[in-house]
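**Q** From the sequence below, what's the structure:
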Amino acid sequence: MSALASWSAPAQAWWNDEWELRKKLTLNAGPAGAAINEPIGAMPVLIRLHSGNFKFEAAKQDGSDLRFVAGDDKTPLKFHIEKYDSLLGEAFVWVNLPDLRPGAQSDIWLYYGNRKATPAEDAKGTYDPDTALVYHFGERGTPLRDWSAWGNNAQSAAPSVDGTLIGPGLRFDGKTTVTLPPSPSLAWDNGAAMTWSAWIKPTPGQTNAAIYTRRSGATSIAIGIDKATPFVEVIDTFGSHRTNATATVRPDAWHHLAVVASAQTLTLYLDGAAVASLNTTLPAMNGTALLGGDVAPPVPAPTTTDGATAPAAPTPTPVQAPSSDPAAPAPAPDATAPAAAPVAYANYAGELDELQIAKVARPAGFLKAATISQGPDNAKLLALSGDEETGSWLSGYLAVIVKAVTLDAWVVIIILAIMAVISWIVIAEKLTYVGRQAGANNAFLRRFREASADLTVLDRGDADEVSSLGGRITEADARMMRNSSLYRIYHVGAQEIRHRFERDKSSRLLSAESIAAIRASLDGTLAREMQRLNRLVVVLTIAISGGPFLGLLGTVVGVMITFAAIAASGDVNVNAIAPGVAAALLATVAGLAVAIPALFAYNYLQTRIKDVTTDMQVFIDEFVTKMAEYYTNGAEQRALAAE
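**A** Numbers count the residues shown, from 1 in each chain. This is a model prediction of the structure:
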């Protein structure tokens, strides 16, 4: 059992054996990958799954068995599924990485293939508390859902369409807009930190089109496109501040646009690279915002009946967002600063996907990693390896069975394991011994048949010494023949002949009675050699006959306990019965695992032992016949006749 467990274990520890499949996801921010050298930190990474890199048929239909685990194969990672379509073979999953290091490579694991798994998504946990708003734009006919922990759902429905960069997105026609709510989590103080990012695909020919606007009195911020050039414009009590970027966006192509506000500057990023900056800060705001157009376009000045322009209304005093401390008094407006004239923005036409707003200034490495991981070049950062399986009967199913084995079954299995080990040792020892005997006997017979009329020529008088026949037998052959059962029989016969000749040195003949006595000694040696050949073979017969019965005993007792437990609990269902019955049958399997190898080995050994025994019997007959030929009166008469 230990050998099977070690053989079936994967190269690395498996997070949970109930999951049958896993694949390694490698994030490479080094020179050979995304080449990100700036700090990144914690961030949600988009995992794109499709039929080319993921077995949708092996996972649950809704993807609820997906799990993501850190590189240590122990720490679960928080994630949520934006889209999962097993029929089309497409899924978008966001996974929170606690620390994505620049210039380095890290791994995470994707587990799936557990039909009993329940959903484990945690959308709020996927994003850090500084993320104030996340829109995936997957809603249809309902206000946009905020996937962050703050619940900043949109106030109006959105023109959602499929087939954008990351699943569903928004498509603006230059008329429709989406209103974003005012909330404490989206309120900005003067000089507050902020990160705004989204994927855009503008239509060509747009002038001063606003993708995102927000106003609070006379102050405002607008992010948009002006003649293929992205911009961010801030209007505060000191005037209008607008970026002068040189980078342009290609119409009808996807680009990642981001704005980062810090305590001193506003920086505009396009496709992960900084393209412009403003030496200004974010003005205080706490009102609504708009996607796809302007929050409050400037109202044209009223005219009199004669066509003359009426006096303009006084410029409203800018309103500053309240402090995060409810008890703090509202700051006094700067009455001396001139208010900038309001700017009119055109509505945006094009597509929009994956809007995120954070209450912190994200580092440049974060924006570059987001651009690469979410965009079409995501393979530079993220690579998915092939599947590793643990759902075989030997690892996945066996783990379930082993967990349900009762104490009595363990006792039986342990006894059977001991029997198996002993029987395997006996099998190895007997196969080695019989094989050595067969080789040694063949070597001895070749030398024996070369002997002259002296049957004692190969024997030196010691059971462990073999005559070299004048150097014709090498030391290696002598060592081999000493292991021969035929040589041991021969040694007994040679000793018997030598003893009789020593008593009567005048004669080299043996009587019929002496030959019969020598034959009896040879038969006795044969019996002892057969005992040596069959020694411990009884262990195999015990394993063959006793193993299945012990296993059956463990199975019967295990089934009894399983049904008794079900009767006591009153929970009658397949999930309650199946593990216990399967575990009980494990004892029978263990019994058969002991008996079957022993059965095959026993039959093979019996055949080999029979062959060696036959060789010994034939040798005894041959030895006795040669004694009668060489050492009887008939032999003497033949010698005289020859003279």
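
**Q** Send me stretch 415-431 as CSV with only the CA atoms.
**A** Taking C-alpha atoms only, stretch 415-431 is exported to CSV below (Å, rounded to 0.1, in the frame of the first residue of the first chain):
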residue,chain,number,x,y,z
ILE,A,415,-2.7,-8.2,8.4
LEU,A,416,-3.0,-8.8,4.6
ALA,A,417,-0.2,-6.3,4.0
ILE,A,418,2.1,-8.2,6.3
MET,A,419,1.1,-11.5,4.5
ALA,A,420,1.8,-9.8,1.2
VAL,A,421,5.3,-8.7,2.2
ILE,A,422,6.2,-12.1,3.6
SER,A,423,4.9,-13.9,0.5
TRP,A,424,6.8,-11.5,-1.8
ILE,A,425,10.0,-12.1,0.2
VAL,A,426,9.5,-15.9,-0.1
ILE,A,427,8.8,-15.6,-3.8
ALA,A,428,12.0,-13.7,-4.4
GLU,A,429,14.1,-16.0,-2.2
LYS,A,430,12.7,-19.2,-3.8
LEU,A,431,13.0,-17.9,-7.4
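
**Q** how far does it sit from the chain's center?
**A** Counting by C-alpha atoms, centre = their mean, to the nearest Å, stretch 415-431 is centred 36 Å from the centre of its parent chain.

**Q** Would you mind listing the buried residues in that stretch?
**A** The neighbour-count check on stretch 415-431 (16 or more other C-beta atoms under 10 Å) flags 415-416, 419-420, 422-423, 426-427, 430 as buried. No exception for glycine: its C-beta is placed from N, CA and C like everyone else's.

**Q** next one: stretch 181-192
**A** For stretch 181-192, a neighbour-count test (16+ other C-beta under 10 Å) marks 181-183, 185-190, 192 as buried.

**Q** Quick check: the two most widely separated of those?
**A** The largest distance within these, taken as C-beta to C-beta, falls between 181 and 190 and amounts to 21.5 Å.

**Q** Distance of residue 155 relative to residue 34?
**A** Distance, residue 155 to residue 34, by C-beta to C-beta, to the nearest Å: 37 Å.

**Q** if you count what's nearby, which of these two comes out ahead?
**A** residue 34 (27 against 13; other C-beta atoms under 10 Å).

**Q** Just the pLDDT at that one, thanks.
**A** pLDDT, residue 34: 95.

**Q** what ranges do the strands span in the stretch 1-150 of the chain?
**A** 21-28, 41-50, 67-70, 79-85, 90-100, 105-112, 131-135 (DSSP state E, counting those that start in this stretch).

**Q** The fourth one pairs with which strands?
**A** Put plainly, it is strand 79-85. strand 90-100 (antiparallel) (DSSP bridges).

**Q** Identify the residues contacting the strand it pairs with?
**A** For strand 90-100, contacts defined as C-beta atoms under 8 Å, 6 or more residues apart in numbering pick out 27, 29, 40-51, 54, 56, 63, 66, 68, 70, 77-85, 106, 108, 125-128, 166-167, 369.

**Q** That one versus strand 41-50: what angle between them?
**A** On the basis of axes from the mean of the first three to the mean of the last three C-alpha atoms, to 10 degrees, strand 90-100 is oriented at 160 degrees to strand 41-50.

**Q** Poorly predicted segments of this structure, please.
**A** Applying pLDDT under 70 to the chain flags the ranges 1-12, 296-342, 391-400, 450-479, 482, 505-507, 571-576, 633-643.

**Q** if we can go back for a sec, a markdown table for the buried residues of stretch 181-192, including secondary structure?
**A** Converted to a markdown table, those look like this (DSSP: H, G, I helix; E, B strand; the rest coil):
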| residue | secondary structure |
| --- | --- |
| 181 | coil |
| 182 | coil |
| 183 | coil |
| 185 | helix |
| 186 | helix |
| 187 | coil |
| 188 | strand |
| 189 | coil |
| 190 | coil |
| 192 | coil |
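
**Q** tell me which of these is nearest to residue 292?
**A** Minimum distance to residue 292 across the buried residues of stretch 181-192 is 15.6 Å, recorded for residue 181 (C-beta to C-beta).
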